[in-house]
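Engineer: Based on what follows, work out the 3D shape:
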Amino acid sequence: MHSELASRSQTRAVLERFGLYTKHRLGQNFLVEDSVIARIGELAQLAAGDVVLEVGPGIGTLTVAMLGAAPVVAVEADTRLAPVLAETCAADSERLEVIWGDALKVPADDVCAAAVRLGADAGPTKLVSNLPYQVAATVILGYLEALPTLGRAVVMVQAEVADRICASPGSKAYGAYTAKLALLGQVTGRFEVSPGCFMPAPHVDSAVVRIDRADALAGTGLAFDDVARVIDAAFAQRRKTIRNSMGASGFAKDALDAAFAAVGIEATCRAETLAPADFIRLAQALGEAGER
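Structural biologist: This is a model prediction of the structure:
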């Protein structure tokens, strides 16, 4: 993929043309390195039949690159960007639908309806975004849960969030978020992006992560919320044993003891030592004990 907007001169020109350059650049960090766009394209592997969901298109730097390969549903909160996107994406305007609103509040049904209008069978097939960093983690998990049509996510996030996404059990970055995300997807790629690739340069490092859909709950009879409740309770008091943390979160300790024994988990261990598969087995055992 390639984007003519992915340069300092072109980005500055667009912002100045619409009188936005002096308005704190909308408080955003714009990607100005076209080689990063190309690497995102390599990970996304957009193909015939794909309809992309993009959150936070900004001035359209990534959007225009993707439109050449697939239709795009873009969710953008800043309505000041409406005339900008209308201009930068004009050549492929019939392949773009913009939903104006907060990505955390836009109904999944609205996203799916927009994707269907662009040719999707039921909803968007891939999430490809340079995400607003303050909501990135929530957007990734929320959309993978709410939109089962998404088969892949390729997202730019703060490096610290990427570390959480990619963490292994027992590591410092591994936590409830990592375990819950692993119920829905598997990390299959990552590369780092330096602050110099943005204008203005952010004060944090960034990374692009690829997550492919992987239904860890298939055949278990469990819903996502069943296991997420167990994970949240286990990590609620991270320094405590898993038994004490889950007990303090409302699980009956006799049911916990029976479940731990059934699946071979030590009641004195801590949540960060357990793999996502362990939480699935624990949720099944607790369900059989009436604690679901």
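Engineer: make it CA atoms for all contacts and neighbour counts henceforth
Structural biologist: OK.
Engineer: pLDDT averaged over stretch 191-206 - what is it?
Structural biologist: With pLDDT averaged residue by residue, stretch 191-206 scores 94.
Engineer: Domains in the chain, by residue range?
Structural biologist: Split into domains by automatic domain parsing, the chain comes to 8-213, 224-288.
Engineer: between the ones you listed, which gets nearest to residue 2?
Structural biologist: Among these, domain 8-213 comes nearest to residue 2, with 5.2 Å by Cα to Cα.
Engineer: Next, format the domains of the chain as TSV and append distance to residue 2 and mean neighbour count.
Structural biologist: Below are those laid out as TSV (distance: least, Cα to Cα, whole Å; neighbours: other Cα atoms under 10 Å):
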stretch	distance to residue 2	mean neighbour count
domain 8-213	5	19
domain 224-288	37	18
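Engineer: can I get these in JSON lines with distance to residue 1?
Structural biologist: What follows is these, written out as JSON lines (distance: least, Cα to Cα, whole Å):
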{"stretch": "domain 8-213", "distance to residue 1": "5"}
{"stretch": "domain 224-288", "distance to residue 1": "35"}
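Engineer: Any regions of this structure where pLDDT drops low?
Structural biologist: For the chain, applying pLDDT under 70 flags the ranges 21-27, 291-292.
Engineer: which residues in it form strands?
Structural biologist: Remark: strands assigned in the chain by DSSP state E are 30-31, 52-55, 72-76, 96-100, 126-130, 152-158, 185-193, 198-199, 206-213.
Engineer: Now do the same contact list for residue 67.
Structural biologist: By Cα atoms under 8 Å, 6 or more residues apart in numbering, the contact set of residue 67 is 92, 95, 96.
Engineer: actually residue 166, not the one I typed
Structural biologist: If you count contacts by Cα under 8 Å, 6+ apart, then residue 166 has 178, 187 around it.
Engineer: And for residue 47?
Structural biologist: Here residue 47 is in contact with 69, 70 (Cα under 8 Å, 6+ apart).
Engineer: Roughly how far does it sit from residue 265?
Structural biologist: Computed with Cα to Cα, to the nearest Å, the distance linking residue 47 and residue 265 is 44 Å.
Engineer: so who does the closest residue to residue 236 other than its chain neighbours touch?
Structural biologist: Spatial nearest neighbour of residue 236, excluding adjacent residues (Cα to Cα, 6 or more residues apart in numbering): residue 245 at 6.1 Å. Residues in contact with residue 245 (Cα under 8 Å, 6+ apart) are 233, 234, 235, 236, 237, 238.
Engineer: For residue 190, see how far away the residue nearest to the fifth one when sequence neighbours are not counted is.
Structural biologist: The shortest distance from residue 237 to any non-neighbouring residue, by Cα to Cα, 6+ apart, is to residue 245 (5.2 Å). From residue 245 across to residue 190, the span is 33 Å (Cα to Cα).
Engineer: ok, which stretches of the stretch 51-200 of the chain are helices?
Structural biologist: Counting by DSSP state H, counting those that start in this stretch, one finds helices in the stretch 51-200 of the chain at the ranges 61-67, 82-88, 108-117, 136-146, 159-166, 176-182.
Engineer: neighbouring contacts of the longest one?
Structural biologist: For helix 136-146, contacts defined as Cα under 8 Å, 6+ apart pick out 103, 104, 108, 150, 153, 157, 161, 180, 181, 184, 224.
Engineer: Relative to residue 76, how far out is the closest residue to the second one other than its chain neighbours?
Structural biologist: Read it as residue 104. Among residues not flanking residue 104 along the chain, residue 139 sits closest, at 6.7 Å (Cα to Cα, 6+ apart). As judged by Cα to Cα, residue 139 and residue 76 stand 13 Å apart.
Engineer: Return every residue with contacts to both of those two.
Structural biologist: Joint contacts of residue 139 and residue 76 (Cα under 8 Å, 6+ apart) are residue 103.
Engineer: hmm, back to that, if we take the contacts of helix 136-146, which one ends up nearest to residue 83?
Structural biologist: Using Cα to Cα, residue 103 comes nearest to residue 83 of the contacts of helix 136-146, at 19.6 Å.
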